[in-house]
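1. Sequence first, then the predicted structure:
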Amino acid sequence: MRGRGLPDEEPVEWWIVDGVLSAEPVSGAQTVFGADRADGWILPGLVDAHCHVGLGAHGPLDNLDDCIEQAEVERDAGALLLRDCGSPVDTRSLADHDELPEIIRAGRHLARPKRYQRGFAVELEDESALPAAVAEQARFGDGWVKLVGDWIDREVGDLAPLWSDDVLEAAIDAAHDNGARVTAHVFGEDALPGLIKAGIDCIEHGTGLTDDTIDLMVEHGTALVPTLINIENFPGIADGAAKFPTYARHMRDLYERCASRIAAAREAGVPIYAGTDAGSMVAHGRIADEIDALKSIGMSATDALGAACWSARDWLGRPSLEHGAPADLVCYADDPRLGASVVNHPDLVILRGRTFP
């Protein structure tokens, strides 16, 4: 394979032997990319850092064949590493499919009764059970645990935190003790300080960020996956919540302020990664659209692509393009920094050394 790499734009040349990258020439190798010209682009497989293999438009999927189809859609879009941020379906067996992307599972969402979407989460009657539940999901998952940080409280009529601060601290400690990192779904403002101060590793969505909580994230090294293309659903969610006018107004306000708040987080130095929230309200295979959305909050074309590629891989502890790494690559004849019109149509996908044209 011959082409150019990113972010340095330098010429690269790789050989693939038994599904592994080699920087050393191999005699008799077949050239699969860059045979006629060496000005194409060779990148590590893209990353969707927030998706849900096992969730569909109507809730949990009924069978693994549908889960496999979702993963295939991601693969064909060039997303070869998926951080599955909570799924009610046990997808561990998908790891036996060499033709599917690697899935880093966070186990099941953890929530309180009637404080998240029906059927998605493990619902805890007593919040004091959260540390033990987190430890269980940490052992079940692949190094991540997913909390529901806030959701509509129908008695309040608005978004409200699910957990008290002392319980959060004990729960996040329990995850770390079991070798897992923790992330949380958070739309509003009020749940953020307790989660960040408790040592959470990542915030999903983050539409309610304030200057103070942005400063806290910088202080604690907390990452952010804003799922910008999913935030486009907020007006529709508000329109469907006529019985809760305070909540509906809040969701519209969060939508209006989202771009400026995420931009402020970026400017302050909060690490930001690309995730689509695919699986329920967002279709799989849309990582290119999320990359473009990150440009709208001030990311350069290179940094936005990196947030769904080499930077995200480093954050998740997976290799990029290096000697001895798995041969997971996505190749483009044109510069992928040009946008979704290029990224959506890779010329060649290589997963574990197997080509998918």
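-> Yep, it's here.
2. Start from the N-terminal end of the stretch 151-300 of the chain and give the strands.
-> 158-161, 181-186, 202-205, 223-225 (DSSP state E, counting those that start in this stretch).
3. got any ranges where the protein has weak pLDDT?
-> 36-38 (pLDDT under 70).
4. Any chance of the backbone angles for the residue nearest the centre of the chain?
-> Nearest residue to the geometric centre of the chain (C-alpha atoms, centre = their mean): Ala49, 1.7 Å. Reported as degrees, to the nearest 10, the phi and psi values for Ala49 are phi -80, psi 0.
5. one step back: of all the strands of the stretch 151-300 of the chain, which one comes closest to Ser300?
-> Ser300 sits nearest to strand 223-225 of all these, at 17.2 Å, using C-beta to C-beta. Using the backbone N, CA and C atoms, a C-beta is placed for each residue, glycine as well.
6. about what we covered before: mind putting the strands of the stretch 151-300 of the chain in TSV, mean neighbour count and distance to Gly143 included?
-> As requested, these are exported to TSV (neighbours: other C-beta atoms under 10 Å; distance: least, C-beta to C-beta, whole Å):
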stretch	mean neighbour count	distance to Gly143
strand 158-161	20	25
strand 181-186	26	6
strand 202-205	26	12
strand 223-225	23	14
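7. Just put these in CSV and tack on distance to Gly298.
-> Shown next, in CSV, are the strands of the stretch 151-300 of the chain (distance: least, C-beta to C-beta, whole Å):
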stretch, distance to Gly298
strand 158-161, 26
strand 181-186, 21
strand 202-205, 18
strand 223-225, 14
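8. For Leu195, find the nearest of the ones you listed.
-> When these are ranked by proximity to Leu195, the top entry is strand 181-186, at 5.4 Å, counting by C-beta to C-beta.
9. for the closest residue in space to Glu189 that isn't next to it in sequence, what are its contacts?
-> Closest residue to Glu189 apart from its sequence neighbours, by C-beta to C-beta, 6 or more residues apart in numbering: Gly208 at 3.8 Å. Going by C-beta atoms under 8 Å, 6 or more residues apart in numbering, Gly208 touches Leu159, Val186, Phe187, Gly188, Glu189, Asp190, Leu192, Leu254, Arg261.
10. for Gly208, phi and psi?
-> Residue torsions, per degrees, to the nearest 10, at Gly208 are phi -100, psi 20.
11. what's near enough to touch Gly188?
-> Gly188 touches Asp150, Asp158, Leu159, Ala160, Thr207, Gly208, His250, Leu254, counting by C-beta under 8 Å, 6+ apart.
12. so how far is Ser296 from it?
-> Distance, Gly188 to Ser296, by C-beta to C-beta, to the nearest Å: 22 Å.
13. circling back: state the pair within the contacts of Gly188 that is farthest apart.
-> Going by C-beta to C-beta, the pair spanning those furthest: Ala160 and Thr207, at 15.1 Å.
14. how about the helices of the stretch 201-350 of the chain, start to end?
-> Ranges of helices in the stretch 201-350 of the chain, per DSSP state H, counting those that start in this stretch, are 211-220, 228-231, 234-239, 245-268, 287-295, 301-306, 310-315, 340-343.
15. Nearest to Leu329 among those would be which one?
-> helix 310-315 (11.8 Å).
16. Can you point out the buried residues in the closest one?
-> Trp310, Ser311, Ala312, Arg313, Trp315 (16 or more other C-beta atoms under 10 Å).
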